[in-house]
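Engineer: Predicted structure and sequence below. I'll ask about it afterward.
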Amino acid sequence: MTFQQSAVTQVAQSDSGVSVKTQQENLTFDHCVIACGAWSKELLKDLN
Ligand SMILES: Cc1cc2nc3c(=O)[nH]c(=O)nc-3n(C[C@H](O)[C@H](O)[C@H](O)COP(=O)(O)OP(=O)(O)OC[C@H]3O[C@@H](n4cnc5c(N)ncnc54)[C@H](O)[C@@H]3O)c2cc1C
């Protein structure tokens, strides 16, 4: 398992899974858990 720390700027659904955009790169995952406390609502606004 790999741990990586980055500031996430956007989370969106894509055909291949969940697209996670950070200040450095775009990543795609099968699943994504958002645990950003009070900041979660802002990141979730683009998800259905
Ligand atoms: C003043 C105060 C006192 C509290 N006292 C208590 C108490 O005594 N007992 C108690 O049980 N609870 C207390 N709470 C509540 C407790 O702090 C929260 O319930 C708990 O911290 C929530 O944990 P969390 O992991 O969900 O979110 P958090 O602890 O808020 O962690 C969220 C993390 O996400 C990171 N993050 C945010 N946005 C992004 C992003 N875009 N990209 C990457 N990372 C991001 C943040 O940097 C942070 O590290 C208190 C809260 C406050 C504000």
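Structural biologist: The structure has been received and is ready for your questions.
Engineer: for the residue of the chain found nearest the ligand, phi and psi?
Structural biologist: Closest contact between the chain and the ligand, by C-beta to the nearest ligand atom, is at Gly37 (2.3 Å). Where C-beta positions appear, they are placed from N, C-alpha and C, glycine not excepted. When read as degrees, to the nearest 10, the backbone of Gly37 gives phi 60, psi -130.
Engineer: any idea how far it lies from Thr28?
Structural biologist: Applying C-beta to C-beta, to the nearest Å, the value for Gly37 to Thr28 is 24 Å.
Engineer: got it, and Ser40?
Structural biologist: For Ser40 relative to Thr28 (C-beta to C-beta), the value is 20 Å.
Engineer: try Ala38
Structural biologist: 26 Å.
Engineer: Looking at those two, which has the bigger crowd around it?
Structural biologist: Thr28 (12 against 6; other C-beta atoms under 10 Å).
Engineer: which non-adjacent residue is nearest Leu44?
Structural biologist: Nearest non-adjacent residue to Leu44, counting by C-beta to C-beta, 6 or more residues apart in numbering: Ile34, 6.2 Å away.
Engineer: for Thr28, helix, strand, or coil?
Structural biologist: At Thr28 the chain is in strand, as set by DSSP: H, G, I helix; E, B strand; the rest coil.
Engineer: can you give me phi and psi for Glu42?
Structural biologist: Backbone torsions for Glu42, taken as degrees, to the nearest 10, come to phi -60, psi -40.
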